[in-house]
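Participant: the following block contains a protein sequence and its predicted model.
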Amino acid sequence: ATETEVWGNFYDILVRNAFGNYRDILREVSYNAVMAQFLSFLRNKAFAFEGSYPDENYAREIMQLFTIGLWKLQDDGTPIKDANGEPIPTYDNADIV
């Protein structure tokens with residue numbers, strides 16, 4: 001398959017599930033070969049198997065792109081800020097690992 005065809009198939013997942021169930025789109029996206037390459041979980045190994053920590057890129061991207069995003073937000077979509085005026089993250093590495 002050509003690079004264009006692979007991305008076309010990925011796009012089709014989004015079109016097919018645009019008004020559907022969140023679980024269905026997440027399942028299809030997660031099992032898609034583009035995600036495996038793009039998010040570097042292709043050939044990723046568990047700690048028990050290889051003795052090294054697995055790549056958490058997949059978990060991080062799912063949280064950023066499909067669930068809670070990077071920053072805590074007000075109801076109007078503006079970032080919630082801490083006492084120093086900095087946006088408050090929705091998660092950190094401890095939540096991913």
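Facilitator: Great, that's in hand.
Participant: hmm, residue 62 is touching residue 26, no?
Facilitator: Yes - taking Cβ atoms under 8 Å as the definition, residue 62 is a contact partner of residue 26 at 7.3 Å. C-beta coordinates here come from the backbone N, C-alpha and C atoms, glycine included.
Participant: more neighbours, those two?
Facilitator: The residue with more neighbours, out of residue 62 and residue 26 and counting by other Cβ atoms under 10 Å, is residue 62; that gives 17 against 14.
Participant: okay, now the unreliable bits of the protein?
Facilitator: For the chain, the stretches with pLDDT under 70 are 1, 38-56, 96-97.
Participant: what about the helices in it?
Facilitator: 3-16, 22-31, 33-38, 47-50, 57-61, 93-96 (DSSP state H).
Participant: what's the offset of stretch 20-27 from the middle of its chain?
Facilitator: Put simply, stretch 20-27 sits 13 Å off its chain's centre (Cα atoms, centre = their mean, to the nearest Å).
Participant: sorry, slip of the keys, the one I care about is stretch 11-20.
Facilitator: 16 Å.
Participant: now do the end-to-end distance for it.
Facilitator: 15 Å (Cα to Cα, to the nearest Å).
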